[in-house]
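Trainee: With the sequence up front, the predicted model follows.
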Amino acid sequence: MASSPDGPRFVDIHPLPADDGPAPKPRSRAAARQVSLQPIRPPRPTAADFSMFRTKSSLSKPPTPSSLPLRAEPAPSPPPQAVVVPAGRYFAALRGPELDHLRAHEDILLPKDSTWPFLLRFPVNTFGVCLGLGSQAILWGSLSSSPATAFLHVSPIVNFSIWVLALASLATISAVYALKCAFFFEAVRREYFHPVRVNFFFAPWIVCMFLTIGAPGAVSTAPHPVLWCAFMGPVLFLELKIYGQWLSGGKRRLCKVANPSSHLSVVGNFVGAILAVRVGWAEPAKFLWAVGFAHYLVVFVTLYQRLPTSEALPKELHPVYSMFIAAPSAASIAWANIYGSFDEVSRTCYFIALFLYISLVVRINFFRGFRFSVAWWSYTFPMTTASLATIKYAEAVQSPVTKAMALALSLLSSAMVFLLFVSTLLHAFFWRTLFPNDLAIAITQNKVVSGRKKGAIDSKNWPSQPQDQPSPVPLASAKI
Amino acid sequence: MDDRNVLRSLNQINPENDRIAEIHRLLEQLGSRISHGFDLPTDGSEMTELRDLSPQDPQTVGPHHDHSISISWPATPTGLLVRENAVRSYAVAQPDVKRDSVLPKFQSYSQPLPAARAGLRAKPRLGKDTRFDSFKTWSGQADNQISDLPSLHPSLEPSGDGVERATPPVQRYFDALEGPELDILRPTEAAVLPEDKPWPFLLRFPISSFGICMGMGSQAILWKTLAASPATKFLRISSLVNILLWCTSLLLMIAISVTYALKAVFYLEAVRREFYHPVRMNFFFAPWIAVLFLFLGLPEVVHVDFHGGAAWYCLMAPILFLELKIYGQWMSGGQRRLSRVANPSNHLAIVGNFVGALLGASLGLKEGPIFFFAVGLAHYAVLFVTLYQRLPTNETLPKELHPVFFLFVAAPSVASLAWARISGTFDYVSRIAYFIALFLYASLAVRVNFFRGFRFSMAWWAYTFPTTGAAIATIRYAAEVENPFTQSLSLLLSAVSAALVALVMVSTAIHAVVLRDLFPNDISIAIASAPPRQGKTFPDLSLPSFTTTQEKDEAITTLLNGR
């Protein structure tokens, strides 16, 4: 789990024979197996294979990414991968709590041994950075303005600078992702059909709402309702799609796709409710709260059960579990905003979040040994939301204990964000591994051999699907 | 089933012999019979070749060869492969050459039971009985406290390669035990302690005995409420009943706590195994809930100073720690996922929150009770849905109604009481919780005829307190909505709960005094940490991967044809 075959590192070790040369990092058995199998694999044409992910309209004109050599001839035939990859395939081909590691016996459409174009490696998870920064902006704004933390004398400058940083990162990431949409629409489509990634499509809109809520001086002036409509519209649309899939849509049933990041699709409701109160629309806020709460209940129960059918659930604690905290604390803030006081319902939600927080913190020693990914940014915003709820609570119940709690949780979340900021910078500029090849979008549509039939059986009998099934045929013969 | 019986009888004939070879020979003979009937030509020469086998082998069970017997087919592919070799060796009529090279590889045998039991019985009974040392905290060897079971019972260790773990993994509890309380040993399993004589009393004393304190303590609360509530003033119940019941439950609490503390001191390993038992673990909440009950049912004449709630927080701390442990396991810890371990007794892990919230709110606290109420509510929702779903992965859920189902009533009724205390009135939230409890109660009561035919156990005491909780909630409701119907309902439910407690008390007395089997050997803590053989338990072996008889027949035919 710790270091599975990912692109660049893998490239580094491949040309060397396995024996001599500086010993690379300890690799998992799967990685070793793939290295040993490399010579059997027929040499694949590099740089010709990215076309299937390109937007159809851009096939005629040369693509802009400069790292990509120009292709003289167009694709010989319309690639068959344009069809939607069924949900069962994602589970059959990928593993890991974020479904981003390729199983050992699977092959991908894109070359594993070279770095892909930057846009293809740019996942939608990156919006998590904005989530983390935007929630921090709200937190510091609240720290500087709340009467419960007035004793800290936090300057509003901090809020302003974090807000600007968050806005800048949102603008950058949105622009890059828009470029990805424009040039590699197929990749975006595949991310959208990825059972875990789809939740991150909520992130941009939640970030927009965060930035509106946390805008410097937003406490005094109410934002215009148009902003709410603009940001909440896509969220509602996505929700209709995703909750509808849970309820009645084909194979993407919740007992299969449930993952802690499903909370992202719920938390948008509560954030939207807070923003609706800010713009002065109380009734839509109540509506959103109700919708969010109902689906939160469903997700919560399903995740707690850890059904054997939900394969994306990690066995042990993983940072993604911090998502559990987000929805109840956001619900508590939203309820307090809607009804004007931090009453029993708010407290109930808040205490649920607090208990979950404690219960995760006491098990935290499991957190070590996971590979950093840019998705971790999204896992900081639940902590920030919990700190915000604690500040609200400390406003309602003014005592040294609550103030200390608010301070401690705020510091913890800020420290976490700072840590992630540093490691992101390190990964981005020092190790240059921030965006490894995004294997999750490049899985083949069918099983390696006898694909269609086997796939059909798999999707029917998915409860009995083993966790990491060895390939029924040897890998070497599978490649022919 | 027949196969197993044959095999078992076989093993009991010659338990100490080389059973592997014996079973294998039986399989060979079965193969020869089938080949005789199906494929091979039935002329005399072939048959004599086949029959020549039995005289070569003095250990072949002769009489079985004459009857038509059915043998369980080996489950594993290796078994099939070896089997195939064996059959081929007959086809070339060179059994004496091949046999010895083939037989030792055959690993898919089963039935370890007689050997294990025989080993236990064959233990030399010297002056000091050392068989319970594995569960003792100090077993003589001071440095080897956590026991090394294999060294004590070498016959349990089939090959010597497996290292006995101190605590069985959760899967073992499900594999080795059955019943809604996971307290019955499956027939294929062997206990690590002798089953034929009573164990030391402390080893037989389960944590579920604290259920008595819960039952009696809740009765004390009930009679206190009956005496004090305006809705039941017309009964003119003396508060003396409350005092009497409270003193009884206090004495019981002290006695049971002391006994269990002794068990924890002397047999720590047994306590550890109870704590890792998926059902028993929930009863570790019982002592703390019973203490809360004692404080809730405090007679008027007794005064306890809570130091402004500090004592309450101290009381709730162990419950909070247990919850962090258990809910954390549900959410993210290893194999104890809720979809697997959910059982009605998990309600015990929930109801502590509500009882604590009730006590805290009646002390005048505000934030702490809401905290526990919220935690309880969230996890109650999870548990309620999970239990109602009756997932196929929940193996311990009883098929039919069982007294344990009465725990369903506990959490909502106590929650309604707790919320009424927190919010100050019996408002809509309280009523919703109360009516949920009432409906569940009714839905269990109309199915009550299923309750017959269960073995009495101490855990039943724990199942009486939900009815008491429902009765108390009804009295509270009747105080709010005062009319003859609610009053008679509260009277009825109180009578039912009191009668139930009386009934359980009588049967406890009968079991304790007359039958003297109140504390039977506590098998559920004595399961072996490793399955009987390396691979699987017996049922998995005897029911191989063939789903239909056609498949099985096909496999047999392919095998006998020699491909």
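Mentor: Sure thing, it's come through.

Trainee: What is whichever strand or helix holds B:W419 packed up against?
Mentor: Counting by DSSP states H and E, the element that carries B:W419 is helix B:407-423. Counting contacts by 3 or more Cβ pairs under 8 Å, 6 or more residues apart in numbering or on different chains; DSSP states H and E, helix B:407-423 is packed against helix B:347-362, helix B:367-389, helix B:428-445, helix B:465-480. Just so you know, the C-beta spots here come from the backbone N, C-alpha and C atoms, and that holds for glycine as well.

Trainee: Redo the ones you listed as JSON lines? Include mean neighbour count.
Mentor: As requested, the helices and strands packed on helix B:407-423 are exported to JSON lines (neighbours: other Cβ atoms under 10 Å in any protein chain shown):
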{"stretch": "helix B:347-362", "mean neighbour count": "27"}
{"stretch": "helix B:367-389", "mean neighbour count": "22"}
{"stretch": "helix B:428-445", "mean neighbour count": "18"}
{"stretch": "helix B:465-480", "mean neighbour count": "26"}
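
Trainee: Let's have those helices in TSV, adding distance to A:E186 and mean pLDDT.
Mentor: TSV is the format used below for the helices and strands packed on helix B:407-423 (distance: least, Cβ to Cβ, whole Å; pLDDT from 0 to 100):
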stretch	distance to A:E186	mean pLDDT
helix B:347-362	48	93
helix B:367-389	39	93
helix B:428-445	50	92
helix B:465-480	57	93
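
Trainee: Tell me which of the ones you listed lies nearest to chain A.
Mentor: Nearest of the helices and strands packed on helix B:407-423 to chain A, taken as Cβ to the nearest Cβ: helix B:367-389 at 3.6 Å.

Trainee: and the closest one, anywhere near chain A?
Mentor: Yes - under the criterion of Cβ under 8 Å from any Cβ of the partner chain, helix B:367-389 makes contact with chain A via B:367, B:370-371, B:373-375, B:377-379, B:381-382, B:385-386.

Trainee: ok, so of these, who is nearest A:A415?
Mentor: Relative to A:A415, the closest of the residues of helix B:367-389 next to chain A is B:F371; by Cβ to Cβ it sits at 25.1 Å.

Trainee: quick one, what contacts that closest one?
Mentor: A:351, A:354-355 (Cβ atoms under 8 Å, 6 or more residues apart in numbering or on different chains).

Trainee: between the helices and strands packed on helix B:407-423, which gets nearest to B:F321?
Mentor: Nearest to B:F321, of the helices and strands packed on helix B:407-423 and by Cβ to Cβ, is helix B:347-362 at 11.4 Å.

Trainee: And whichever helix or strand A:A415 is part of, what's buried?
Mentor: For A:A415, the element it lies in under DSSP H and E is helix A:400-425. Judged by neighbour count (16 or more other Cβ atoms under 10 Å in any protein chain shown), helix A:400-425 contains these buried residues: A:402-403, A:405-407, A:409-410, A:412-414, A:416-417, A:420-421, A:424.

Trainee: which among the contacts of B:F371 end up buried?
Mentor: Here, 16+ other Cβ under 10 Å leaves A:351, A:354-355 buried among these.

Trainee: quick revisit: near chain B too, which of the contacts of B:F371?
Mentor: With Cβ under 8 Å from any Cβ as the criterion, the subset of those in contact with chain B comprises A:351, A:354-355.

Trainee: mind listing which of those residues are in helices?
Mentor: Taking DSSP state H as the definition of helices, these contribute A:351, A:354-355.

Trainee: that older thread, so which of the buried residues of helix A:400-425 reach chain B?
Mentor: Applying Cβ under 8 Å from any Cβ to the buried residues of helix A:400-425, none is adjacent to chain B.

Trainee: As TSV, the contacts of B:F371 with distance to B:L193 and pLDDT would be great.
Mentor: Shown next, in TSV, are the contacts of B:F371 (distance: Cβ to Cβ, whole Å; pLDDT from 0 to 100):
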residue	distance to B:L193	pLDDT
A:F351	44	95
A:L354	44	94
A:F355	39	94
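
Trainee: before we move on, the earlier item: let me have the helices and strands packed on helix B:407-423 in CSV, extended by distance to B:R421.
Mentor: Listed next are those as CSV, based on distance: least, Cβ to Cβ, whole Å:
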stretch, distance to B:R421
helix B:347-362, 4
helix B:367-389, 7
helix B:428-445, 9
helix B:465-480, 9
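
Trainee: Which one of the ones you listed lies nearest to B:L226?
Mentor: The nearest among those, by Cβ to Cβ, is helix B:465-480 at 6.8 Å.

Trainee: can you give me the helices in the stretch 251-400 of chain A?
Mentor: With helices called from DSSP state H, counting those that start in this stretch, the stretch 251-400 of chain A shows them at A:254-257, A:263-279, A:282-305, A:323-339, A:344-361, A:381-396, A:400-425.

Trainee: So for B:L268, which of these sits nearest?
Mentor: Of the helices of the stretch 251-400 of chain A, nearest to B:L268 by Cβ to Cβ is helix A:344-361, at 26.3 Å.

Trainee: Report the buried residues of that closest one.
Mentor: Residues A:344-357, A:359-360 are the ones in helix A:344-361 that count as buried (16+ other Cβ under 10 Å).

Trainee: what number of residues lie near the closest residue to chain B within the stretch 201-350 of chain A?
Mentor: Closest to chain B within the stretch 201-350 of chain A is A:R306: 3.6 Å, counting by Cβ to the nearest Cβ. Using other Cβ atoms under 10 Å in any protein chain shown, A:R306 has 24 neighbouring residues.

Trainee: who's in contact with it?
Mentor: Contacts of A:R306 (Cβ under 8 Å, 6+ apart): A:313, B:330-331, B:337-339.

Trainee: Pull out the buried residues from these.
Mentor: Buried among these by 16+ other Cβ under 10 Å: A:313, B:330-331, B:337-339.

Trainee: Pick out the lowest-pLDDT one from those residues.
Mentor: In terms of pLDDT, the lowest of these is A:L313, showing 69.

Trainee: Need phi/psi at A:I443.
Mentor: Dihedral pair for A:I443: phi -70, psi 150, per degrees, to the nearest 10.

Trainee: how about the residues of chain A that lie near chain B?
Mentor: Contact residues (Cβ under 8 Å from any Cβ) of chain A with chain B: A:297, A:300-301, A:303-308, A:314-318, A:321, A:324, A:328, A:344, A:347-352, A:354-355, A:358-360, A:362-363, A:366, A:397.

Trainee: give me that answer again for 7 Å
Mentor: A:297, A:300-301, A:304-308, A:315-317, A:321, A:344, A:347-348, A:351-352, A:355, A:358-359, A:362-363, A:397 (Cβ under 7 Å from any Cβ of the partner chain).

Trainee: I'd like the ones next to chain B among the contacts of B:F371 laid out as CSV, including distance to B:D522.
Mentor: Shown next, in CSV, are the ones next to chain B among the contacts of B:F371 (distance: Cβ to Cβ, whole Å):
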residue, distance to B:D522
A:F351, 38
A:L354, 38
A:F355, 33
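
Trainee: ok, so what distance separates the nearest residue to B:E300 once chain neighbours are set aside from B:M505?
Mentor: Take B:E300 and drop its neighbours on the chain: the residue closest to it by Cβ to Cβ, 6 or more residues apart in numbering or on different chains is B:S239, 6.3 Å away. According to Cβ to Cβ, to the nearest Å, B:S239 and B:M505 sit 21 Å apart.

Trainee: Need the pLDDT of A:P97.
Mentor: pLDDT, A:P97: 72.

Trainee: all helices of the stretch 101-250 of chain A, in order?
Mentor: A:127-145, A:156-183, A:185-193, A:203-213, A:225-248.
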